[in-house]
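In: what follows is a predicted protein model with its sequence.
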Amino acid sequence: MYVFFITGAAEEVLLAVASGAAGLPGIPSGVFAMVTNDEAEETGLGRRVELPLG
């Protein structure tokens, strides 16, 4: 299992980057992103987005 944190841009941009990475050859299915903010009570809490995007 791998966990990556990407920050510093608009949500749409970050999801596009994550989606591109999820679509690379050799990446297994089942990839998702957790959309959250710096006010979340715990790391990993937020909205789950299945990747790659549509």
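Out: Received, thanks.

In: in the chain, what residue sits furthest out from the centroid?
Out: What lies farthest from the middle of the chain is residue 41; by C-alpha atoms, centre = their mean that is 18.2 Å.

In: and it, how far from residue 47?
Out: Distance from residue 41 to residue 47, counting by C-beta to C-beta, to the nearest Å: 14 Å. Using the backbone N, CA and C atoms, a C-beta is placed for each residue, glycine as well.

In: picking that back up, just the pLDDT for the residue farthest from the centre of the chain.
Out: On the pLDDT scale, residue 41 is placed at 84.

In: residues contacting the residue nearest in space to the middle of the chain?
Out: Nearest to the mean C-alpha position of the chain, by C-alpha atoms, centre = their mean, lies residue 33 at 2.7 Å. Applying C-beta atoms under 8 Å, 6 or more residues apart in numbering, we find residue 33 in contact with 14-15, 18, 48-49, 51.

In: same thing with residue 23?
Out: By C-beta under 8 Å, 6+ apart, the residues touching residue 23 are 51-52.

In: and it, how close does it get to residue 12?
Out: 17 Å.

In: hang on, the earlier thing: ok, the residue farthest from the centre of the chain - contacts?
Out: With C-beta under 8 Å, 6+ apart, residue 41 has no contacts at all.

In: hang on, the residue nearest to the centre of the chain in a strand?
Out: Yes: Residue 33: assigned to a strand according to DSSP: H, G, I helix; E, B strand; the rest coil.

In: cross-check the contact I'm expecting between residue 49 and residue 12.
Out: No: if you go by C-beta atoms under 8 Å, residue 49 and residue 12 don't touch, sitting 11.2 Å apart.

In: neighbours of residue 53, how many?
Out: 13 (other C-beta atoms under 10 Å).

In: surely it is in contact with residue 15?
Out: Yes: the pair residue 53 / residue 15 is scored as a contact, 6.4 Å apart, by C-beta under 8 Å.

In: the protein: helices as residue ranges?
Out: Using DSSP state H, the helices of the chain run over 11-22.

In: can you list the low-confidence ranges for it?
Out: Across the chain, nothing is flagged by pLDDT under 70.

In: can you do 80?
Out: Along the chain, the model assigns pLDDT under 80 to residues 1-2, 44.
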